[in-house]
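A.B. asks: Sequence unavailable; structure follows:
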């Protein structure tokens, strides 16, 4: 069963009060399935970056839980730091990590932006892949003027109006920028000089907007705590513009000014692939390829294990998902696969069976995700739980209902296949029909159980009508 994971890397305008940032991280980690992987604070930037991953049905709520704590505790009217910012929750990007597409992350970003306004009255802008206007693809265009400048300009300039919310910033939390993007490396290089002008000239030379590297955004900032100047960067596509190429360029430019590079730092996390490319560049391996890395070879060997074994391990684990609904969908998918096999061997069209197999295979994960959403809804505060629980229960009812409808149609096709295929395939067709029946029985049980928890209304009437038609 394909795992689905989204990475979220919210940036908060607080890098000096550890207790506040820890409280934000704890709020994120409290959501089911949310794993906080990294937490970075920078006093000079007065900014923190929290990296976490979560399944798609949880990731938005986890991000918003952190946002709620940030809006409550961070006051931009008394905030200062060298990093540009417009909000307490300054940036909230969603990145497809496993089993997800960028388009799906755009949908998550849009919902999160709408909820920032609805729940906290913090207006939101969309950027990168989620941007609704070309000029808002780049984050720096939205941040122009920072909190203080945007707070004044948004009142009179319609062009600066947010994508969600009124054209007026939250009095202390400002605005937030939400988006979906590919993996980004936040990378800083520290120079052996306090001269900020040198850092600014180097940053201008390497950033794309000034004619530099295509996938580099950069600026020169002072590090007062260390009496140094820093070239602070975002590498938006490390495969097209690798990290070692940027480092060598900065080192070369710094040398022109008689300044050494003291070191560099990663903010947040970095993909292993980026480090592999850097090792290959500097060590000049003559035979390098990813398979030489021990961890990659282990992962490759593990991936060769039968997917069914992984699914059965997950099914047997002491966790509520995947459960009976997923098993019913898997049973239906196996039934459809057998139908496709017999159709091919009988020189018949396997396309209808393949369509069923694709739908039911996807439903295995959809059912697990739907149940996880129900669990997450019940964890919300009691006074706001009801609408979220109802919505989640509707989703948890819809998936097995669709499985039931598809396997009912599949069962009819298998009956016709039994009449038209050679008798030597009888055992395969009988097995396929038994699996389809098991899928229908299990799916119907899930629909009935979930339906009992839903109130009378349009959705329930619709479900009962669809059941009656079967």
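C.D. replies: Everything's here; your move. All of these numbers come straight from a predicted model, not from anything done at the bench.
A.B. asks: Please enumerate residues in contact with stretch 237-257?
C.D. replies: If you take C-beta atoms under 8 Å, 6 or more residues apart in numbering as the criterion, stretch 237-257 is touched by 182-183, 185, 187, 189, 191, 193, 195, 198, 201-202, 205-206, 213-216, 231, 233, 235, 260-261, 264, 270-271, 273-274, 277-278, 281-282. Glycine gets a C-beta too; all of them are placed from N, C-alpha and C.
A.B. asks: Note down every partner strand of the helix or strand encompassing residue 189 and its orientation.
C.D. replies: Residue 189 is part of strand 185-191, with elements assigned from DSSP states H and E. When pairs are called by DSSP bridges, strand 185-191 turns out to pair with strand 228-235 (antiparallel), strand 261-267 (antiparallel).
A.B. asks: quick one: buried residues of the shortest one?
C.D. replies: This points to strand 261-267. Neighbour counts over strand 261-267 (16 or more other C-beta atoms under 10 Å) mark 261, 264, 267 as buried.
A.B. asks: just curious, which of the residues you listed is nearest to residue 85?
C.D. replies: Distance ranking of these against residue 85, using C-beta to C-beta, places residue 267 first at 14.7 Å.
A.B. asks: Distance of the spatially closest residue to the closest one that is not a sequence neighbour relative to residue 113?
C.D. replies: The shortest distance from residue 267 to any residue that is not its chain neighbour, by C-beta to C-beta, 6 or more residues apart in numbering, is 3.7 Å, and that residue is residue 186. Distance, residue 186 to residue 113, using C-beta to C-beta, to the nearest Å: 22 Å.
A.B. asks: Repeat that for residue 458.
C.D. replies: Residue 458 is 28 Å from residue 113, where distance means C-beta to C-beta.
A.B. asks: neighbour count winner among those two?
C.D. replies: More neighbours sit around residue 113 than around the other of residue 458 and residue 113, counting by other C-beta atoms under 10 Å; the figures are 26 against 7.
A.B. asks: Contact partners for the more buried one?
C.D. replies: For residue 113, the contacting residues are 124-126, 130, 163-164, 176, 178, by C-beta under 8 Å, 6+ apart.
A.B. asks: same thing with residue 164?
C.D. replies: Counted by C-beta under 8 Å, 6+ apart, residue 164 has contacts 113-114, 116-117, 123-124.
A.B. asks: If you rank those by neighbours, which is first?
C.D. replies: By neighbour count, taken as other C-beta under 10 Å, the most surrounded of the contacts of residue 164 turns out to be residue 116 (31 neighbours).
A.B. asks: pLDDT wise, what is that residue at?
C.D. replies: According to the model's per-residue confidence, residue 116 sits at a pLDDT of 97.
A.B. asks: which residues sit in contact with it?
C.D. replies: With contacts defined as C-beta under 8 Å, 6+ apart, residue 116 is in contact with 64, 67, 89, 92, 122-124, 164-165, 176, 178.
A.B. asks: hang on, the earlier thing: can you say which of the contacts of residue 113 are buried?
C.D. replies: Taking 16+ other C-beta under 10 Å as the criterion, what is buried in the contacts of residue 113 is 124-126, 130, 163-164, 176, 178.
A.B. asks: nearest to residue 398, of those?
C.D. replies: Taking the buried ones among the contacts of residue 113 together and measuring to residue 398 by C-beta to C-beta, the closest member is residue 130, at 26.1 Å.
A.B. asks: any idea how far the closest one lies from residue 108?
C.D. replies: From residue 130 across to residue 108, the span is 9 Å (C-beta to C-beta).
A.B. asks: which neighbours do these two share?
C.D. replies: Residues within reach of residue 130 and of residue 108 at once, by C-beta under 8 Å, 6+ apart, are residue 180.
A.B. asks: Output the longest strand belonging to this protein.
C.D. replies: Under DSSP state E, the strand in the chain containing the largest number of residues is strand 89-98.
A.B. asks: what element comes up after it heading to the C-terminus?
C.D. replies: Note on strand 89-98: by DSSP H and E, the next helix or strand toward the C-terminus is helix 102-120.
A.B. asks: any idea which helix or strand comes after that next one?
C.D. replies: strand 124-128.
A.B. asks: which regions of this protein sit below the pLDDT cut-off?
C.D. replies: 1-2, 298-307 (pLDDT under 70).
A.B. asks: could you pull out the strands for it?
C.D. replies: Under the criterion DSSP E, the chain carries strands at the ranges 5-8, 11-12, 35-42, 47-54, 89-98, 124-128, 176-180, 185-191, 216-223, 228-235, 261-267.
A.B. asks: Pull out the buried residues from the longest one.
C.D. replies: Looking back up the chat, that one is strand 89-98. Of the residues in strand 89-98, those with enough neighbours to count as buried (16+ other C-beta under 10 Å) are 89-97.
A.B. asks: for those, which one is nearest residue 3?
C.D. replies: Lowest distance from residue 3 to those (C-beta to C-beta) belongs to residue 97, with 9.3 Å.
A.B. asks: Next one: the residue of the chain most remote from its centre from residue 359, what distance?
C.D. replies: Among the C-alpha atoms of the chain, the one most distant from their mean position (C-alpha atoms, centre = their mean) is that of residue 423, at 49.6 Å. Distance from residue 423 to residue 359, counting by C-beta to C-beta: 29 Å.
A.B. asks: returning to what we had before: orientation of the longest strand of the chain relative to strand 47-54 in degrees?
C.D. replies: 30 degrees (axes from the mean of the first three to the mean of the last three C-alpha atoms, to 10 degrees).
A.B. asks: Can you tell me which helices and strands whichever helix in the chain runs longest packs against?
C.D. replies: In the chain, assigned by DSSP state H, the helix with the most residues is helix 382-420. The helices and strands touching helix 382-420, judged by 3 or more C-beta pairs under 8 Å, 6 or more residues apart in numbering; DSSP states H and E, are helix 324-345, helix 351-378, helix 426-451, helix 458-469.
A.B. asks: name the helices or strands packed onto the shortest one?
C.D. replies: If you count contacts as 3+ C-beta pairs under 8 Å, 6+ apart, helix 458-469 packs onto helix 382-420, helix 426-451.
A.B. asks: got the buried residues for it?
C.D. replies: Neighbour-count burial for helix 458-469, with 16+ other C-beta under 10 Å as criterion, is recorded at 459, 463.
A.B. asks: what's the angle from the strand holding residue 189 to strand 216-223?
C.D. replies: Strand 185-191 and strand 216-223 are oriented at 50 degrees to each other (the same axes, to 10 degrees).
A.B. asks: residues making contact with strand 185-191?
C.D. replies: 49, 198-199, 202, 223, 226, 228-235, 238, 243, 246-247, 250-251, 254, 259-268, 270-271, 274.
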